[in-house]
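Peer 1: below is the sequence, then the predicted model.
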Amino acid sequence: MSISYNEQERSFRLDTPGSTYLINLVDEEGFLCHAYYGRRIPDDTMRYLLRLGPDQRPFRDSGQQVGLFDALPMEYPGHGLGDFRESCLSLETEEGHRVCGLTYVSHRIYGGKPALPGLPATYGGEEDCATLELRCRDRFLGLEVCLLYTAFEKLDVICRSARIENRGERPVTLTAALSACLDMDNRDFDLITLHGSWAYERMIQRRPLGWGKQGVSSLRGISSHQEQPFLALAERAATQEHGQVYAMHLVYSGNFLAQAEMSQQGLLRAVIGIHPQDFAWRLAPGESFQTPEAVLAYSHTGLDGMTHALHDLYRNHLTRGPWRDKPRPSLVNNWEATYFDFDTEKLLDIARTAAGRGIEMLVLDDGWFGRRNTDDNSLGDWFVNEKKLPGGLKYLADEVNKLGMKFGLWVEPEMVSPDSELYRAHPDYALQIPGRPPMLSRTQLVLDFSRQEVRDCIYDQLHKVLSEANIAYIKWDMNRALTDVGGACLPPEQQGELLHRYVLGVYELQERLLRDFPDLLLENCASGGGRFDPGMLYYSPQIWTSDNTDAIDRLRIQEGTALLYPLSTMGAHVAACPSHTNGRVTPFATRGLVSLPGCFGYELDLTKLTEEELAMIPGQLENYRKVGPVFHSGDYYRLASYGENGEYDALMAVSKDRKTAVIDYVHVMSRQRRRDVLLPLRGLDETTRYRSGETGEIRSGAGWMYGGMLLPRMEVDFLGKLIVLEAV
Ligand code: DGJ
């Protein structure tokens, strides 16, 4: 078991292959102090790091409680008792008091990992992980908190969450319930976050950690295009391969806060969880509140170590269902091909062209339902528009199936258009505040998914659609942020629960869908990558990465995404050209190269391609079949970033048995240069000899890695190469 309790030292140790995490109980009252997290060590206690001298006792009979409290590393800090840094737990009592603090009650250690009711979470059996439940309480409030820690046996990952239980006799309102806190000394850290906007999601940002609070957050009701629920603290000297990195990532899809705070004397506190702003959860006696899960990853092998731990965790212990480990079907999506302007014949033309080239699925995007020919109506009316699609989805799906292809469908279940039958019948189903006209975005409103009857109404419609035609795949879209957050069915004192209840409602509906249609392949989407987070991955093994389908912009978007997420989770399509995003013209072959590592597809009118382009499709699909599994289940290496070097981009994946490696290289922008680019590879076995499928050269893994690979020189911008190395 990778977790143990040392009674003499009153310390808990959690071990993963390369890391140790130590908690100390301090003083008779049992304050939960965080003693150590970092490279694996044999010691059971590192209490000296708490800086408590032999005669320094923080509590009760000490004259200096407040001063000590403000510098003590804590596991789950409360509020208003002398620790003036960010609190994980804050609340308001009926009397309006806000003070709380936790001390130890009991603990339990066991193999495996419990599910978190209603929430997405990583999973693992007894052979995969062990869990520590640390029960603590505020003895003046009758409030108990169960801190959950799971240490994985084969991954340098510890997952944390908290369950807050009101065991008192009076209600309290939680005003902050974060998921995890990490207190430590600053070691000249950089803060790494992913920043973005619509169509430019997840750009890597690295900056020196400064004094005070800094971090990222979302108040949009979704995890957002703008920020990712993630932060990493990397030693200033840490590189892709070397140095210590601590990461925190939240398994959640709504508002979040991920914050690092450097206070006096270089004390560092990193926290992650639901954003306390716009959050207030009333906890009646006997009720409990479960926080989302935070993933903590530690690496002493630079960013690669962090990336590999997260990729393996998300592939093997977060995504679920029959599609988890299967090759994902190549697809053609009609959005950029037709937008709203399609009918059955047009779609079948595309499908026929696709089938003839070996594409496995047709996905019908927005515009098939209600009266929808523009984006300002019909959301909420999930019945087919027979004017556009005579014979309905069944006829279309059957015809597509006859071509040997699967059929997939787009929906946007969380939304309602004011111009819809649903809204006319049930205006109160939309989030809004009485007397205040709600803000529109894309001419649509957000349904109050915290309400069971609203979810049921949408679900019944979806269930019917899915039962009437052979639909193998659903793209679940979500195209606006939440505003006017008022719920018709919650009393005033519970309105602060609405944003979290909304997210729980989305999870509940996706879970129901998967339960009733277990073979369904679900792909989440939110105006592109506006809700690309670990929470959604629990339901859909792939997510549409971005509405930006330009191959060159995609290099950076996918690079940032792959810092945390396996390539198998990223929807990536060869799209129309000139790019609908930015007008850029890139070769068809390069668009294929950029999409290949992800869940590969096409998003353009195949019937308008040249013969030469059409002829490339079978080869691209053949590559997807051959090397797709290496990208999807191997170890990913970010070799070169054109965002950093301004010239070329390269990524690499190495199969787990280290027998095959694939290098995906795109030359972006010519510079004055005469020599071929030298690219040191990574992840190969030093002594194995590998043959390059490109040049036939045979070299040892060590040679390819430490000598490097000369990349073929490109005479023209926007060209690339796929190079496969096979062990000989
Ligand atoms: C936003 C998505 O990201 C696009 O792929 C497309 O499905 C549109 N919505 C349809 O409205």
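Peer 2: Thanks, I have it.

Peer 1: so where do the helices sit in the stretch 451-600 of the chain?
Peer 2: Secondary structure of the stretch 451-600 of the chain (DSSP state H, counting those that start in this stretch): helices at 452-468, 498-516, 534-537, 551-562, 588-595.

Peer 1: report the secondary structure state of residue 714.
Peer 2: At residue 714, secondary structure determined by DSSP: H, G, I helix; E, B strand; the rest coil is coil.

Peer 1: so what's it up against?
Peer 2: Counting by Cβ atoms under 8 Å, 6 or more residues apart in numbering, residue 714 touches 667, 670, 720. Where C-beta positions appear, they are placed from N, C-alpha and C, glycine not excepted.

Peer 1: one more time with 6 Å, if that's ok
Peer 2: Shown in contact with residue 714 (Cβ atoms under 6 Å, 6 or more residues apart in numbering): residue 667.

Peer 1: from the ligand, how far out is it?
Peer 2: Per Cβ to the nearest ligand atom, to the nearest Å, residue 714 is found 31 Å from the ligand.

Peer 1: now residue 622
Peer 2: In terms of Cβ to the nearest ligand atom, residue 622 sits 26 Å off from the ligand.

Peer 1: in a helix, that residue, correct?
Peer 2: Yes - assessed by three-state DSSP, residue 622 belongs to a helix.

Peer 1: start the count at 41, not 1, going forward
Peer 2: Taking 41 as the first residue, the last one we looked at is residue 662.

Peer 1: look at it and say how many residues are nearby.
Peer 2: For residue 662, the neighbour count with other Cβ atoms under 10 Å is 11.

Peer 1: can you report phi and psi for the residue nearest to residue 332 when sequence neighbours are not counted?
Peer 2: Once flanking residues are discounted, residue 332 sits nearest to residue 292: 3.8 Å by Cβ to Cβ, 6 or more residues apart in numbering. Per-residue torsions, residue 292: phi -160, psi 150 (degrees, to the nearest 10).

Peer 1: swap in residue 653?
Peer 2: Torsion angles, degrees, to the nearest 10, at residue 653: phi -70, psi -40.

Peer 1: got the residues of the stretch 341-490 of the chain near the ligand?
Peer 2: Proximity of the stretch 341-490 of the chain to the ligand, by Cβ under 6 Å from any ligand atom, involves residues 375, 405-406, 450.

Peer 1: these, buried ones only, as a ChimeraX selection?
Peer 2: Per 16 or more other Cβ atoms under 10 Å, the buried members of those correspond to this ChimeraX selection:
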select :375,405,406,450
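
Peer 1: for the closest residue to residue 585 other than its chain neighbours, give its distance to the ligand.
Peer 2: Distances taken as Cβ to Cβ, 6+ apart place residue 610 nearest to residue 585, at 4.6 Å, with adjacent residues excluded. Distance of residue 610 to the ligand, given as Cβ to the nearest ligand atom: 13 Å.

Peer 1: what residues are bridge-paired with residue 610?
Peer 2: Here residue 610 sits in beta bridges with residue 583, going by DSSP bridges.

Peer 1: measure it to residue 580 for me?
Peer 2: 12 Å (Cβ to Cβ, to the nearest Å).

Peer 1: on that earlier part again, from the residues of the stretch 341-490 of the chain next to the ligand, pick the one nearest the ligand.
Peer 2: residue 406 (3.5 Å; Cβ to the nearest ligand atom).

Peer 1: would you agree residue 322 is in contact with residue 536?
Peer 2: No - contact criterion Cβ atoms under 6 Å: residue 322 and residue 536 do not qualify, at 7.8 Å.

Peer 1: and the gap between residue 719 and the ligand?
Peer 2: From residue 719 across to the ligand, the span is 33 Å (Cβ to the nearest ligand atom).

Peer 1: what of residue 171?
Peer 2: Counting by Cβ to the nearest ligand atom, the gap from residue 171 to the ligand is 37 Å.

Peer 1: so what's residue 556 closest to, chain neighbours aside?
Peer 2: Nearest to residue 556 is residue 503, by Cβ to Cβ, 6+ apart, at 6.6 Å.
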